[in-house]
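Enquirer: With the sequence up front, the predicted model follows.
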Amino acid sequence: MIEENNRLDPKLVEEFLKFGKNMIEAPKLVPALDEINLEVTEHEVAYTEDKVRLLHYKPRTSTQIKTPLIIAYALINRYHILDIHPQKSWVRNLLDQGIDVYMVDWGTPTNMDKYLDLDDYVNGYLDNCVDFVRDESEVDNVSLQGYCTGGTIGTVYTSLHPEKVKNFVATAPVIDGWRDTTVVSNLAKHIDVDKMVDSIGNMPPEFMYYCFSILKPFEQGIEKYTNFFRNIENESYVDNFLRVEKWLGDTPPIPGELFKQWIRDIYQDNLLIQDKMYVGGKHISLKNITMPIFTQVAIGDHLVSPECSMPLHYAVGSEDKTLRVYPTGHVGMIASSLSQKKVLPELGQWLKEHSELR
Amino acid sequence: MSSKPQALTSVGPMRNFSTNAKKIATELLDASEDLAEFNKRLTEYYQQLADTWANAQKKVNAKIPKIPNDQEQFDSYKRIWIDMFDNDFTELFDSHKFGENYGKLVASELELSKHWEQMVNVMLQSANLPNKKEIDEVYKELHALRKRISKLESQTKESKIRSKEK
(Lines give C-alpha, C1' and ligand atoms only; values in the text may rest on other atoms or scores of the structure.)
Protein backbone atom coordinates (compact mmCIF):
# COMPACT_ATOMS: atom_id res chain seq x y z
CA MET A 1 0.00 0.00 0.00
CA ILE A 2 1.46 3.38 -1.02
CA GLU A 3 1.32 6.00 1.67
CA GLU A 4 -0.78 9.07 0.86
CA ASN A 5 2.16 11.53 0.80
CA ASN A 6 4.21 9.30 -1.52
CA ARG A 7 1.48 8.93 -4.10
CA LEU A 8 2.30 10.55 -7.44
CA ASP A 9 -0.05 13.11 -8.90
CA PRO A 10 -1.62 11.51 -12.05
CA LYS A 11 -0.92 14.79 -13.90
CA LEU A 12 2.78 14.34 -13.23
CA VAL A 13 2.64 10.79 -14.58
CA GLU A 14 0.75 12.07 -17.61
CA GLU A 15 3.40 14.76 -18.15
CA PHE A 16 6.18 12.13 -17.99
CA LEU A 17 4.38 9.91 -20.49
CA LYS A 18 3.79 12.84 -22.86
CA PHE A 19 7.42 13.80 -22.56
CA GLY A 20 8.49 10.24 -23.42
CA LYS A 21 6.12 10.19 -26.39
CA ASN A 22 7.53 13.50 -27.65
CA MET A 23 11.05 12.11 -27.41
CA ILE A 24 10.11 9.03 -29.43
CA GLU A 25 8.26 11.06 -32.05
CA ALA A 26 10.89 13.80 -32.31
CA PRO A 27 12.66 12.37 -35.37
CA LYS A 28 9.35 12.37 -37.25
CA LEU A 29 8.36 15.87 -36.15
CA VAL A 30 11.55 17.87 -36.60
CA PRO A 31 13.76 18.30 -39.64
CA ALA A 32 17.33 16.98 -39.65
CA LEU A 33 19.94 19.66 -38.99
CA ASP A 34 21.36 19.46 -42.51
CA GLU A 35 17.91 20.27 -43.92
CA ILE A 36 18.04 23.67 -42.22
CA ASN A 37 19.45 26.51 -44.26
CA LEU A 38 21.14 29.14 -42.12
CA GLU A 39 21.55 31.64 -44.95
CA VAL A 40 18.60 33.88 -44.18
CA THR A 41 19.19 37.25 -45.80
CA GLU A 42 20.03 37.58 -49.48
CA HIS A 43 23.65 38.37 -50.19
CA GLU A 44 26.41 37.98 -52.72
CA VAL A 45 30.04 37.04 -52.27
CA ALA A 46 31.78 40.32 -53.01
CA TYR A 47 35.41 39.31 -52.42
CA THR A 48 37.33 36.12 -51.68
CA GLU A 49 40.88 35.44 -50.58
CA ASP A 50 42.11 31.96 -49.72
CA LYS A 51 39.25 30.58 -47.59
CA VAL A 52 37.96 33.98 -46.47
CA ARG A 53 34.82 35.40 -48.07
CA LEU A 54 33.36 38.88 -47.82
CA LEU A 55 29.58 38.83 -48.05
CA HIS A 56 27.62 41.85 -49.19
CA TYR A 57 23.95 41.90 -48.20
CA LYS A 58 21.30 43.15 -50.62
CA PRO A 59 19.78 46.49 -49.49
CA ARG A 60 16.26 46.39 -48.08
CA THR A 61 15.57 50.14 -48.18
CA SER A 62 15.56 52.59 -51.08
CA THR A 63 18.07 54.96 -49.45
CA GLN A 64 21.12 53.95 -47.56
CA ILE A 65 23.71 55.78 -45.52
CA LYS A 66 26.95 56.09 -47.48
CA THR A 67 29.42 54.73 -44.92
CA PRO A 68 29.30 50.92 -45.18
CA LEU A 69 29.53 48.67 -42.15
CA ILE A 70 31.89 45.67 -42.18
CA ILE A 71 31.22 43.04 -39.54
CA ALA A 72 34.22 40.98 -38.46
CA TYR A 73 32.69 37.88 -36.96
CA ALA A 74 34.37 35.81 -34.24
CA LEU A 75 36.79 32.95 -34.88
CA ILE A 76 34.56 30.51 -32.99
CA ASN A 77 31.41 29.17 -34.68
CA ARG A 78 30.25 30.95 -37.81
CA TYR A 79 28.74 34.26 -38.86
CA HIS A 80 25.25 32.73 -39.24
CA ILE A 81 24.27 33.73 -35.69
CA LEU A 82 24.12 37.34 -36.89
CA ASP A 83 21.51 36.32 -39.45
CA ILE A 84 20.01 33.26 -37.77
CA HIS A 85 16.30 33.94 -38.19
CA PRO A 86 14.31 36.60 -40.10
CA GLN A 87 12.83 37.94 -36.85
CA LYS A 88 16.11 37.87 -34.96
CA SER A 89 18.57 38.81 -37.65
CA TRP A 90 21.18 41.40 -36.69
CA VAL A 91 22.05 41.94 -40.35
CA ARG A 92 18.46 42.31 -41.54
CA ASN A 93 17.65 44.81 -38.80
CA LEU A 94 20.62 47.00 -39.82
CA LEU A 95 19.66 46.73 -43.51
CA ASP A 96 16.13 47.82 -42.58
CA GLN A 97 17.68 50.88 -40.91
CA GLY A 98 19.37 51.79 -44.22
CA ILE A 99 22.86 50.55 -43.40
CA ASP A 100 25.00 48.95 -46.11
CA VAL A 101 26.24 45.70 -44.49
CA TYR A 102 29.24 43.51 -45.32
CA MET A 103 30.23 40.42 -43.34
CA VAL A 104 33.60 38.67 -43.11
CA ASP A 105 33.28 34.89 -43.20
CA TRP A 106 36.66 33.53 -42.08
CA GLY A 107 35.93 30.15 -43.70
CA THR A 108 37.20 26.75 -42.60
CA PRO A 109 40.97 26.60 -42.11
CA THR A 110 42.66 23.30 -42.91
CA ASN A 111 46.03 21.89 -41.80
CA MET A 112 47.63 23.91 -44.57
CA ASP A 113 46.59 27.08 -42.73
CA LYS A 114 48.22 26.25 -39.40
CA TYR A 115 50.82 29.01 -39.76
CA LEU A 116 48.26 31.77 -40.29
CA ASP A 117 48.63 34.24 -37.43
CA LEU A 118 47.02 37.42 -36.17
CA ASP A 119 49.12 39.45 -38.61
CA ASP A 120 47.62 37.49 -41.54
CA TYR A 121 44.10 38.01 -40.25
CA VAL A 122 44.47 41.69 -39.36
CA ASN A 123 46.93 43.10 -41.88
CA GLY A 124 46.07 40.57 -44.56
CA TYR A 125 42.49 39.36 -44.80
CA LEU A 126 40.68 42.09 -42.87
CA ASP A 127 42.74 44.91 -44.37
CA ASN A 128 42.10 43.58 -47.88
CA CYS A 129 38.35 43.33 -47.16
CA VAL A 130 38.33 46.92 -45.88
CA ASP A 131 40.25 48.14 -48.95
CA PHE A 132 37.85 46.30 -51.22
CA VAL A 133 34.81 47.94 -49.58
CA ARG A 134 36.45 51.39 -49.62
CA ASP A 135 37.00 50.99 -53.37
CA GLU A 136 33.57 49.58 -54.08
CA SER A 137 31.71 52.15 -51.97
CA GLU A 138 34.00 55.03 -52.96
CA VAL A 139 34.61 56.06 -49.37
CA ASP A 140 37.84 56.85 -47.50
CA ASN A 141 36.85 54.89 -44.45
CA VAL A 142 34.27 52.43 -43.20
CA SER A 143 32.42 51.52 -40.02
CA LEU A 144 33.85 48.35 -38.51
CA GLN A 145 32.08 46.06 -36.06
CA GLY A 146 33.83 43.19 -34.29
CA TYR A 147 31.96 40.58 -32.30
CA CYS A 148 33.62 38.50 -29.54
CA THR A 149 37.08 37.44 -30.80
CA GLY A 150 36.22 39.45 -33.92
CA GLY A 151 36.08 42.41 -31.50
CA THR A 152 39.71 41.79 -30.58
CA ILE A 153 40.71 41.47 -34.24
CA GLY A 154 38.77 44.68 -34.94
CA THR A 155 40.47 46.47 -32.04
CA VAL A 156 43.94 45.47 -33.28
CA TYR A 157 43.01 46.47 -36.84
CA THR A 158 41.59 49.82 -35.76
CA SER A 159 44.72 50.58 -33.76
CA LEU A 160 46.97 49.80 -36.76
CA HIS A 161 44.83 51.36 -39.52
CA PRO A 162 42.86 54.18 -37.85
CA GLU A 163 42.66 56.17 -41.09
CA LYS A 164 40.52 53.45 -42.68
CA VAL A 165 37.99 53.21 -39.84
CA LYS A 166 35.41 55.96 -39.44
CA ASN A 167 33.53 54.29 -36.57
CA PHE A 168 34.35 51.25 -34.49
CA VAL A 169 31.72 49.06 -32.86
CA ALA A 170 33.04 46.53 -30.34
CA THR A 171 30.44 43.94 -29.37
CA ALA A 172 31.50 41.77 -26.42
CA PRO A 173 35.18 42.11 -27.38
CA VAL A 174 37.85 40.08 -25.59
CA ILE A 175 40.25 42.73 -24.30
CA ASP A 176 41.43 42.30 -20.71
CA GLY A 177 42.09 38.57 -20.30
CA TRP A 178 43.16 38.81 -16.66
CA ARG A 179 39.85 40.38 -15.68
CA ASP A 180 37.82 37.76 -17.52
CA THR A 181 35.97 35.73 -14.89
CA THR A 182 34.56 33.04 -17.18
CA VAL A 183 35.41 29.35 -17.04
CA VAL A 184 36.80 29.65 -20.57
CA SER A 185 39.45 32.09 -19.40
CA ASN A 186 40.33 29.79 -16.48
CA LEU A 187 41.08 26.97 -18.92
CA ALA A 188 42.89 29.33 -21.30
CA LYS A 189 45.17 30.50 -18.51
CA HIS A 190 46.20 26.95 -17.61
CA ILE A 191 46.88 25.29 -20.95
CA ASP A 192 50.34 24.86 -22.41
CA VAL A 193 49.38 26.46 -25.70
CA ASP A 194 52.82 26.01 -27.33
CA LYS A 195 52.76 22.29 -26.68
CA MET A 196 49.16 22.08 -27.83
CA VAL A 197 49.75 23.79 -31.17
CA ASP A 198 53.04 22.01 -31.78
CA SER A 199 51.33 18.65 -31.26
CA ILE A 200 47.98 19.09 -32.94
CA GLY A 201 48.39 22.08 -35.25
CA ASN A 202 45.06 23.84 -35.67
CA MET A 203 42.82 24.02 -32.64
CA PRO A 204 40.20 21.35 -33.31
CA PRO A 205 36.48 22.06 -32.88
CA GLU A 206 36.33 19.37 -30.17
CA PHE A 207 38.33 21.60 -27.83
CA MET A 208 35.80 24.38 -28.35
CA TYR A 209 32.91 21.99 -27.77
CA TYR A 210 34.48 20.99 -24.44
CA CYS A 211 34.66 24.67 -23.46
CA PHE A 212 31.00 25.15 -24.39
CA SER A 213 30.00 22.04 -22.45
CA ILE A 214 31.23 23.44 -19.15
CA LEU A 215 29.31 26.70 -19.52
CA LYS A 216 26.22 26.24 -17.35
CA PRO A 217 26.31 22.48 -18.02
CA PHE A 218 23.00 21.59 -16.40
CA GLU A 219 20.96 24.49 -17.76
CA GLN A 220 22.38 23.86 -21.22
CA GLY A 221 22.55 20.08 -21.02
CA ILE A 222 19.22 19.32 -19.34
CA GLU A 223 16.81 22.24 -19.16
CA LYS A 224 17.37 23.33 -22.75
CA TYR A 225 16.55 19.88 -24.13
CA THR A 226 13.66 19.31 -21.70
CA ASN A 227 12.06 22.51 -22.99
CA PHE A 228 12.71 21.42 -26.56
CA PHE A 229 10.87 18.10 -26.12
CA ARG A 230 8.05 19.83 -24.25
CA ASN A 231 7.59 22.27 -27.14
CA ILE A 232 8.10 19.80 -29.94
CA GLU A 233 4.73 20.63 -31.50
CA ASN A 234 5.44 24.38 -31.54
CA GLU A 235 6.82 24.90 -35.04
CA SER A 236 8.34 28.32 -34.46
CA TYR A 237 10.03 27.20 -31.18
CA VAL A 238 11.47 24.13 -32.88
CA ASP A 239 12.68 26.14 -35.87
CA ASN A 240 14.45 28.65 -33.62
CA PHE A 241 15.93 25.92 -31.45
CA LEU A 242 17.29 23.90 -34.35
CA ARG A 243 18.83 26.93 -36.02
CA VAL A 244 20.77 27.85 -32.91
CA GLU A 245 21.64 24.20 -32.30
CA LYS A 246 23.01 23.84 -35.82
CA TRP A 247 25.04 27.02 -35.38
CA LEU A 248 26.40 25.80 -32.03
CA GLY A 249 27.48 22.48 -33.50
CA ASP A 250 29.43 23.99 -36.37
CA THR A 251 32.66 25.59 -35.32
CA PRO A 252 35.66 25.62 -37.63
CA PRO A 253 39.19 24.83 -36.43
CA ILE A 254 41.32 27.84 -35.45
CA PRO A 255 44.71 28.16 -37.18
CA GLY A 256 47.38 27.01 -34.71
CA GLU A 257 49.61 30.10 -34.76
CA LEU A 258 46.62 32.42 -34.44
CA PHE A 259 45.28 30.40 -31.50
CA LYS A 260 48.68 30.40 -29.82
CA GLN A 261 49.06 34.17 -30.11
CA TRP A 262 45.48 34.72 -29.03
CA ILE A 263 45.69 32.63 -25.85
CA ARG A 264 49.18 33.80 -24.90
CA ASP A 265 48.84 37.52 -25.64
CA ILE A 266 45.27 38.01 -24.45
CA TYR A 267 44.53 35.48 -21.70
CA GLN A 268 47.94 34.50 -20.33
CA ASP A 269 50.10 37.63 -20.68
CA ASN A 270 47.24 40.14 -21.14
CA LEU A 271 49.32 42.31 -23.45
CA LEU A 272 46.59 44.18 -25.35
CA ILE A 273 45.18 46.22 -22.49
CA GLN A 274 48.69 46.89 -21.14
CA ASP A 275 49.75 48.41 -24.47
CA LYS A 276 52.45 45.76 -24.84
CA MET A 277 51.09 43.74 -27.76
CA TYR A 278 52.79 43.46 -31.14
CA VAL A 279 51.23 42.11 -34.34
CA GLY A 280 53.38 41.64 -37.42
CA GLY A 281 56.14 43.51 -35.62
CA LYS A 282 53.94 46.57 -35.08
CA HIS A 283 52.99 47.92 -31.67
CA ILE A 284 49.26 47.91 -30.84
CA SER A 285 48.35 50.99 -28.89
CA LEU A 286 44.73 51.46 -27.88
CA LYS A 287 45.41 55.20 -27.73
CA ASN A 288 45.57 55.10 -31.57
CA ILE A 289 41.83 54.43 -31.55
CA THR A 290 40.64 58.00 -31.76
CA MET A 291 37.57 57.63 -33.97
CA PRO A 292 34.06 57.33 -32.47
CA ILE A 293 33.67 54.01 -30.67
CA PHE A 294 30.56 52.20 -29.49
CA THR A 295 31.15 49.34 -27.02
CA GLN A 296 28.37 46.83 -26.36
CA VAL A 297 28.55 44.59 -23.34
CA ALA A 298 26.12 42.00 -21.91
CA ILE A 299 25.90 41.81 -18.15
CA GLY A 300 25.07 38.08 -18.21
CA ASP A 301 27.80 37.15 -20.68
CA HIS A 302 29.34 33.86 -19.52
CA LEU A 303 31.73 33.57 -22.51
CA VAL A 304 33.31 37.02 -22.35
CA SER A 305 32.63 38.65 -19.01
CA PRO A 306 31.77 42.39 -18.95
CA GLU A 307 34.92 43.05 -16.88
CA CYS A 308 36.94 41.72 -19.82
CA SER A 309 35.22 43.88 -22.48
CA MET A 310 34.62 47.17 -20.69
CA PRO A 311 38.28 48.24 -20.23
CA LEU A 312 38.37 48.97 -23.98
CA HIS A 313 35.99 51.88 -23.45
CA TYR A 314 38.32 53.47 -20.90
CA ALA A 315 41.61 52.68 -22.67
CA VAL A 316 40.99 54.08 -26.16
CA GLY A 317 42.17 57.51 -27.23
CA SER A 318 38.75 58.51 -28.58
CA GLU A 319 36.79 61.35 -27.03
CA ASP A 320 33.55 60.31 -28.71
CA LYS A 321 32.86 57.03 -26.98
CA THR A 322 29.71 55.25 -25.88
CA LEU A 323 29.37 52.24 -23.61
CA ARG A 324 26.12 50.28 -23.45
CA VAL A 325 25.52 47.46 -20.98
CA TYR A 326 22.56 45.22 -21.74
CA PRO A 327 20.67 42.85 -19.41
CA THR A 328 21.28 39.73 -21.49
CA GLY A 329 23.94 37.17 -22.43
CA HIS A 330 26.62 36.71 -25.10
CA VAL A 331 24.24 35.41 -27.78
CA GLY A 332 21.17 37.23 -26.42
CA MET A 333 22.88 40.53 -27.22
CA ILE A 334 22.97 39.74 -30.93
CA ALA A 335 20.14 37.29 -31.63
CA SER A 336 17.12 37.85 -29.42
CA SER A 337 14.01 39.98 -29.17
CA LEU A 338 15.99 42.30 -26.84
CA SER A 339 18.62 42.83 -29.51
CA GLN A 340 15.89 43.68 -32.02
CA LYS A 341 14.02 46.05 -29.71
CA LYS A 342 16.87 47.69 -27.82
CA VAL A 343 20.42 46.85 -28.93
CA LEU A 344 20.03 47.31 -32.68
CA PRO A 345 17.89 50.48 -32.69
CA GLU A 346 20.52 52.13 -30.45
CA LEU A 347 23.37 50.94 -32.65
CA GLY A 348 21.58 51.94 -35.87
CA GLN A 349 20.87 55.40 -34.51
CA TRP A 350 24.51 55.83 -33.41
CA LEU A 351 25.80 54.66 -36.79
CA LYS A 352 23.52 57.09 -38.63
CA GLU A 353 24.68 59.98 -36.46
CA HIS A 354 28.32 59.12 -37.10
CA SER A 355 28.22 58.20 -40.80
CA GLU A 356 28.30 59.97 -44.12
CA LEU A 357 24.82 60.27 -45.61
CA ARG A 358 24.10 60.00 -49.34
CA MET B 1 78.58 -8.11 -30.49
CA SER B 2 75.20 -8.78 -32.03
CA SER B 3 73.34 -11.95 -31.41
CA LYS B 4 72.50 -14.11 -34.42
CA PRO B 5 69.00 -12.75 -35.12
CA GLN B 6 70.31 -9.18 -34.83
CA ALA B 7 73.21 -9.99 -37.11
CA LEU B 8 70.75 -11.32 -39.67
CA THR B 9 68.87 -8.01 -39.73
CA SER B 10 72.00 -5.88 -39.77
CA VAL B 11 72.45 -6.05 -43.53
CA GLY B 12 70.30 -4.86 -46.43
CA PRO B 13 66.80 -3.43 -46.08
CA MET B 14 66.12 -5.53 -43.00
CA ARG B 15 68.61 -3.42 -41.07
CA ASN B 16 66.03 -0.59 -41.19
CA PHE B 17 63.40 -2.88 -39.79
CA SER B 18 65.60 -3.63 -36.82
CA THR B 19 66.34 0.06 -36.16
CA ASN B 20 62.68 1.00 -36.53
CA ALA B 21 61.51 -1.74 -34.20
CA LYS B 22 63.96 -0.48 -31.59
CA LYS B 23 62.70 3.12 -31.98
CA ILE B 24 59.08 2.04 -31.64
CA ALA B 25 59.87 -0.05 -28.57
CA THR B 26 61.64 2.93 -26.96
CA GLU B 27 58.65 5.17 -27.68
CA LEU B 28 56.30 2.62 -26.13
CA LEU B 29 58.44 2.45 -22.99
CA ASP B 30 58.59 6.25 -22.71
CA ALA B 31 54.84 6.49 -23.34
CA SER B 32 54.11 4.27 -20.34
CA GLU B 33 55.53 6.94 -17.99
CA ASP B 34 53.31 9.59 -19.55
CA LEU B 35 50.39 7.22 -19.44
CA ALA B 36 50.82 6.99 -15.66
CA GLU B 37 50.76 10.81 -15.39
CA PHE B 38 47.72 10.93 -17.68
CA ASN B 39 45.87 8.38 -15.54
CA LYS B 40 46.73 10.30 -12.38
CA ARG B 41 45.37 13.56 -13.85
CA LEU B 42 42.28 11.86 -15.29
CA THR B 43 41.49 10.26 -11.92
CA GLU B 44 41.85 13.67 -10.26
CA TYR B 45 39.59 15.18 -12.93
CA TYR B 46 36.81 12.66 -12.29
CA GLN B 47 37.34 12.93 -8.54
CA GLN B 48 36.73 16.68 -8.71
CA LEU B 49 33.57 16.12 -10.74
CA ALA B 50 32.31 13.39 -8.40
CA ASP B 51 33.01 15.45 -5.24
CA THR B 52 31.24 18.48 -6.68
CA TRP B 53 28.28 16.32 -7.70
CA ALA B 54 28.00 14.80 -4.21
CA ASN B 55 28.19 18.21 -2.50
CA ALA B 56 25.64 19.77 -4.83
CA GLN B 57 23.25 16.86 -4.27
CA LYS B 58 23.66 17.23 -0.48
CA LYS B 59 22.70 20.89 -0.77
CA VAL B 60 19.65 20.05 -2.87
CA ASN B 61 18.59 17.36 -0.38
CA ALA B 62 18.95 19.81 2.52
CA LYS B 63 16.83 22.39 0.71
CA ILE B 64 14.10 20.00 -0.50
CA PRO B 65 13.94 16.90 1.68
CA LYS B 66 10.60 15.69 0.26
CA ILE B 67 10.27 13.76 -2.99
CA PRO B 68 8.19 15.87 -5.41
CA ASN B 69 4.86 14.28 -6.22
CA ASP B 70 3.02 16.83 -8.30
CA GLN B 71 3.90 18.95 -11.33
CA GLU B 72 4.50 22.18 -9.42
CA GLN B 73 6.74 20.53 -6.85
CA PHE B 74 8.59 18.66 -9.55
CA ASP B 75 9.25 21.85 -11.55
CA SER B 76 10.52 23.73 -8.51
CA TYR B 77 12.69 20.74 -7.50
CA LYS B 78 14.17 20.63 -11.00
CA ARG B 79 14.82 24.40 -10.99
CA ILE B 80 16.61 24.25 -7.64
CA TRP B 81 18.56 21.14 -8.68
CA ILE B 82 19.75 22.77 -11.92
CA ASP B 83 20.63 26.08 -10.25
CA MET B 84 22.58 24.44 -7.43
CA PHE B 85 24.43 22.06 -9.73
CA ASP B 86 25.24 24.83 -12.20
CA ASN B 87 26.50 27.07 -9.39
CA ASP B 88 28.67 24.41 -7.82
CA PHE B 89 30.09 23.16 -11.10
CA THR B 90 30.76 26.68 -12.36
CA GLU B 91 32.59 27.36 -9.09
CA LEU B 92 34.68 24.23 -9.73
CA PHE B 93 35.43 25.10 -13.37
CA ASP B 94 36.42 28.61 -12.25
CA SER B 95 38.78 27.33 -9.56
CA HIS B 96 42.56 27.27 -9.73
CA LYS B 97 42.67 23.58 -8.74
CA PHE B 98 40.46 22.60 -11.68
CA GLY B 99 42.32 24.80 -14.16
CA GLU B 100 45.68 23.51 -12.99
CA ASN B 101 44.70 19.83 -13.18
CA TYR B 102 42.96 20.34 -16.51
CA GLY B 103 46.08 21.99 -17.91
CA LYS B 104 48.24 19.08 -16.73
CA LEU B 105 45.73 16.52 -18.00
CA VAL B 106 45.78 18.07 -21.47
CA ALA B 107 49.59 18.34 -21.35
CA SER B 108 49.93 14.63 -20.52
CA GLU B 109 47.48 13.76 -23.30
CA LEU B 110 49.61 15.79 -25.69
CA GLU B 111 52.73 13.94 -24.53
CA LEU B 112 51.00 10.66 -25.34
CA SER B 113 49.98 11.92 -28.76
CA LYS B 114 53.58 12.99 -29.35
CA HIS B 115 54.77 9.41 -28.72
CA TRP B 116 52.13 8.13 -31.12
CA GLU B 117 53.26 10.69 -33.67
CA GLN B 118 56.89 9.55 -33.28
CA MET B 119 55.88 5.94 -33.87
CA VAL B 120 53.85 6.88 -36.94
CA ASN B 121 56.80 8.93 -38.20
CA VAL B 122 59.04 5.86 -37.98
CA MET B 123 56.53 3.85 -39.99
CA LEU B 124 56.06 6.62 -42.56
CA GLN B 125 59.80 6.91 -42.96
CA SER B 126 60.14 3.18 -43.49
CA ALA B 127 57.51 3.44 -46.25
CA ASN B 128 59.39 6.34 -47.86
CA LEU B 129 56.58 8.78 -47.06
CA PRO B 130 56.96 12.28 -45.62
CA ASN B 131 56.51 12.54 -41.86
CA LYS B 132 54.71 15.26 -39.87
CA LYS B 133 57.80 17.41 -39.51
CA GLU B 134 58.42 17.36 -43.24
CA ILE B 135 54.77 18.15 -44.03
CA ASP B 136 54.92 21.02 -41.52
CA GLU B 137 57.92 22.40 -43.37
CA VAL B 138 55.87 22.35 -46.58
CA TYR B 139 53.00 24.18 -44.86
CA LYS B 140 55.41 26.75 -43.47
CA GLU B 141 56.94 27.30 -46.88
CA LEU B 142 53.47 27.63 -48.45
CA HIS B 143 52.52 30.18 -45.83
CA ALA B 144 55.64 32.21 -46.52
CA LEU B 145 55.00 32.01 -50.27
CA ARG B 146 51.40 33.15 -49.87
CA LYS B 147 52.63 36.13 -47.87
CA ARG B 148 55.21 37.00 -50.51
CA ILE B 149 52.66 36.77 -53.33
CA SER B 150 50.22 38.94 -51.43
CA LYS B 151 52.95 41.55 -50.80
CA LEU B 152 53.97 41.51 -54.46
CA GLU B 153 50.34 41.87 -55.55
CA SER B 154 49.80 44.92 -53.39
CA GLN B 155 53.10 46.45 -54.57
CA THR B 156 52.02 45.94 -58.21
CA LYS B 157 48.63 47.49 -57.45
CA GLU B 158 50.25 50.50 -55.80
CA SER B 159 52.70 51.06 -58.67
CA LYS B 160 49.82 50.85 -61.20
CA ILE B 161 47.92 53.51 -59.25
CA ARG B 162 51.05 55.69 -59.08
CA SER B 163 51.70 55.40 -62.82
CA LYS B 164 48.04 56.28 -63.55
CA GLU B 165 48.36 59.37 -61.35
CA LYS B 166 51.43 60.48 -63.33
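Expert: On my side now, so go ahead. Numbers count the residues shown, from 1 in each chain, chains lettered A, B, ... in the order given.
Enquirer: What distance do you get for the residue of the stretch 101-250 of chain A found nearest chain B to residue A:41?
Expert: Ranked by Cβ to the nearest Cβ, the top residue of the stretch 101-250 of chain A for proximity to chain B is residue A:190, at 3.3 Å. Just so you know, the C-beta spots here come from the backbone N, C-alpha and C atoms, and that holds for glycine as well. Per Cβ to Cβ, to the nearest Å, residue A:190 is found 40 Å from residue A:41.
Enquirer: do the same with residue B:102
Expert: 40 Å.
Enquirer: swap in residue A:244?
Expert: Distance from residue A:244 to residue A:41, by Cβ to Cβ: 17 Å.
Enquirer: neighbours around residue 113, how many?
Expert: Let's take chain A. For residue A:113, the count of nearby residues is 24 (other Cβ atoms under 10 Å in any protein chain shown).
Enquirer: not quite, I wanted chain B
Expert: By other Cβ under 10 Å, the residues close to residue B:113 number 14.
Enquirer: That one reaches residue A:198, doesn't it?
Expert: No - using Cβ atoms under 8 Å as the test, residue B:113 is too far from residue A:198 to be in contact (10.5 Å).
Enquirer: distance between the ends of stretch A:138-154?
Expert: Taking Cα to Cα, to the nearest Å, stretch A:138-154 runs 21 Å from one end to the other.
Enquirer: which residue is nearest the centroid of chain B?
Expert: Closest residue to the average C-alpha location of chain B: residue B:110 at 4.8 Å, with Cα atoms, centre = their mean.
Enquirer: Where does that one fall, secondary structure wise?
Expert: Residue B:110 is part of helix B:96-126, with elements assigned from DSSP states H and E.
Enquirer: Do any residues in that helix lie close to chain A?
Expert: Yes - with Cβ under 8 Å from any Cβ of the partner chain as the measure, helix B:96-126 is seen reaching chain A through B:96, B:98-100, B:102-103, B:106-107, B:110, B:113-114, B:117.
Enquirer: got the angle for the following helix or strand past that helix vs helix B:96-126?
Expert: The first helix or strand that comes after helix B:96-126 along the chain, using DSSP H and E, is helix B:132-165. Counting by axes from the mean of the first three to the mean of the last three Cα atoms, to 10 degrees, helix B:132-165 points 100 degrees away from the direction of helix B:96-126.
Enquirer: Which positions in chain B make contact with chain A?
Expert: B:66-71, B:74, B:78, B:81-82, B:85-86, B:89-90, B:93-96, B:98-100, B:102-103, B:106-107, B:110, B:113-114, B:117, B:135-136, B:139-140, B:142-143, B:146-147, B:150.
Enquirer: Could you turn the buried ones of those into a PyMOL selection?
Expert: The buried residues among those can be selected in PyMOL (16 or more other Cβ atoms under 10 Å in any protein chain shown) with this line:
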select buried, chain B and resi 68+74+81+82+85+86+89+90+93+94+98+99+102+103+106+107+110+114+117+136+139+143+146+150
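Enquirer: for the residue of the stretch 101-250 of chain A closest to chain B, what are its contacts?
Expert: B:99-100, B:102-103 (Cβ atoms under 8 Å, 6 or more residues apart in numbering or on different chains).
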